[in-house]
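# sequence and predicted structure below; questions after.
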Amino acid sequence: MSCLLSGESVFNASDNDVNVMAYKKLCNEFNVNVNSDFSFKGEDNGGLATMYNYVTRTGYRPLTGTNYNLSRFQFIQQSTNRVIKIDYVLQKYAVDG
């Protein structure tokens, strides 16, 4: 559907094109209403996943109840005063997503 991934150099978080004709063809193929919202929203971050951060002498802890914010959570080498390192993300409930 011409959807860019967040790691691609031309990705823009607030402005990305979607091939509407390809979307409509997929919806038609699987008998899904083109106006329906079928995205999974059953976990943290609107259904994307739960973020985990490593804490010394404690281990990995889930960052539940927080929404992903690029300026606060990043996949960096080490946490800082302003940025929390995300070690990994995990979807527990979207197994067959």
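Nice, thanks for sending it over.
# give me every residue that touches the residue nearest to I84 when sequence neighbours are not counted.
Distances taken as Cβ to Cβ, 6 or more residues apart in numbering put F73 closest to I84, at 5.3 Å, once the chain neighbours are dropped. C-beta here means a position set from N, CA and C on the backbone, and glycine is covered the same way. Contact analysis of F73 by Cβ atoms under 8 Å, 6 or more residues apart in numbering lists 51, 63, 66, 83-84, 86.
# can I get the residues you listed in CSV with secondary structure and pLDDT?
Formatted as CSV, the contacts of F73 follow (DSSP: H, G, I helix; E, B strand; the rest coil; pLDDT from 0 to 100):
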residue, secondary structure, pLDDT
M51, strand, 89
L63, coil, 88
T66, coil, 80
V83, coil, 87
I84, strand, 87
I86, coil, 89
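# the residue nearest the centre of the chain: what's it in contact with?
With distances taken as Cα atoms, centre = their mean, L48 lies nearest the centre of the chain, 3.9 Å away. By Cβ under 8 Å, 6+ apart, L48 lies in contact with 68, 89, 91.
# separation between N19 and L26?
10 Å (Cβ to Cβ, to the nearest Å).
# what of I76?
For I76, the distance to L26 (Cβ to Cβ) stands at 36 Å.
# now swap in Q91 and tell me
Taken as Cβ to Cβ, the span from Q91 to L26 is 22 Å.
# looking only at neighbour counts, state which of these two leads.
It is Q91, of Q91 and L26, that has more neighbours when counted by other Cβ atoms under 10 Å, with 16 against 13.
# ramachandran angles for that one?
Dihedral angles of Q91 (phi, psi; degrees, to the nearest 10) stand at phi -100, psi 120.
# how about the nearest residue to it, chain neighbours excluded?
Distance criterion Cβ to Cβ, 6+ apart; nearest residue to Q91, sequence neighbours excluded, is A49 at 4.5 Å.
# could you list the domains of this structure?
For the chain, automatic domain parsing gives the domain ranges 1-38, 39-97.
# lovely, talk soon.
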